[in-house]
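Colleague: here is my input, please return the structure:
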Amino acid sequence: MSDTPSPTSTTSLRAFVRAIGLFEPLDEAGIDELIGELKPVKLPGGATPFAGGDTPDELYFLRSGRLGGVRAGVAV
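Modeller: Next up, the predicted model:
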């Protein structure tokens with residue numbers, strides 16, 4: 001099994017990344033480089049990708065689904 005994304009998924013991912021204003025200044029080569037660094041993460045419902053106080057070491061983009069936040073046991 002190959003880790004190389006199919007052309008269709010790469011095209012879809014490129015459009016997704018292009019739609020994020022932060023990356024608007026990037027040219028196609030920059031977008032391709034960024035896509036090469038992305039790693040998909042699928043989390044089951046209720047999973048905690050990070051917690052308050054964690055040292056930031058990842059940048060997450062929500063491509064589908066919903067994300068909730070909880071601070072001190074209260075939804076925010």
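Colleague: pull the CA atoms of the helix or strand bottoming out on mean pLDDT in the chain into CSV?
Modeller: Least confident helix or strand of the chain, by mean pLDDT, DSSP states H and E, is helix 7-18 with a mean of 81. Extracted in CSV, the C-alpha atoms of helix 7-18 (Å, rounded to 0.1, in the frame of the first residue of the first chain):
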residue,chain,number,x,y,z
PRO,A,7,-4.3,12.7,-7.9
THR,A,8,-7.9,13.2,-7.0
SER,A,9,-7.2,13.4,-3.2
THR,A,10,-4.2,15.7,-3.9
THR,A,11,-6.4,18.0,-6.0
SER,A,12,-9.0,18.0,-3.2
LEU,A,13,-6.4,18.7,-0.6
ARG,A,14,-4.9,21.5,-2.7
ALA,A,15,-8.3,23.2,-2.9
PHE,A,16,-8.8,22.7,0.8
VAL,A,17,-5.4,24.3,1.7
ARG,A,18,-6.0,27.1,-0.9
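Colleague: residues in contact with it?
Modeller: For helix 7-18, contacts defined as CB atoms under 8 Å, 6 or more residues apart in numbering pick out 5, 23, 24, 31, 32, 34, 35, 38, 61, 63. Just so you know, the C-beta spots here come from the backbone N, C-alpha and C atoms, and that holds for glycine as well.
Colleague: tell me the one of those residues nearest residue 48?
Modeller: Set against residue 48, the nearest of the contacts of helix 7-18 by CB to CB is residue 61 (17.3 Å).
Colleague: apart from its neighbours in sequence, what residue is nearest the closest one?
Modeller: Among residues not flanking residue 61 along the chain, residue 20 sits closest, at 6.8 Å (CB to CB, 6 or more residues apart in numbering).
Colleague: tell me, how many residues neighbour the one you found?
Modeller: The number of residues packed near residue 20 is 11, by other CB atoms under 10 Å.
Colleague: how about the residue nearest to the spatial centre of the chain, secondary structure?
Modeller: Centrality entry for the chain: nearest residue to the mean C-alpha point is residue 61, 2.7 Å, by CA atoms, centre = their mean. State at residue 61, reduced to three classes by DSSP: H, G, I helix; E, B strand; the rest coil: coil.
Colleague: lovely, talk soon.
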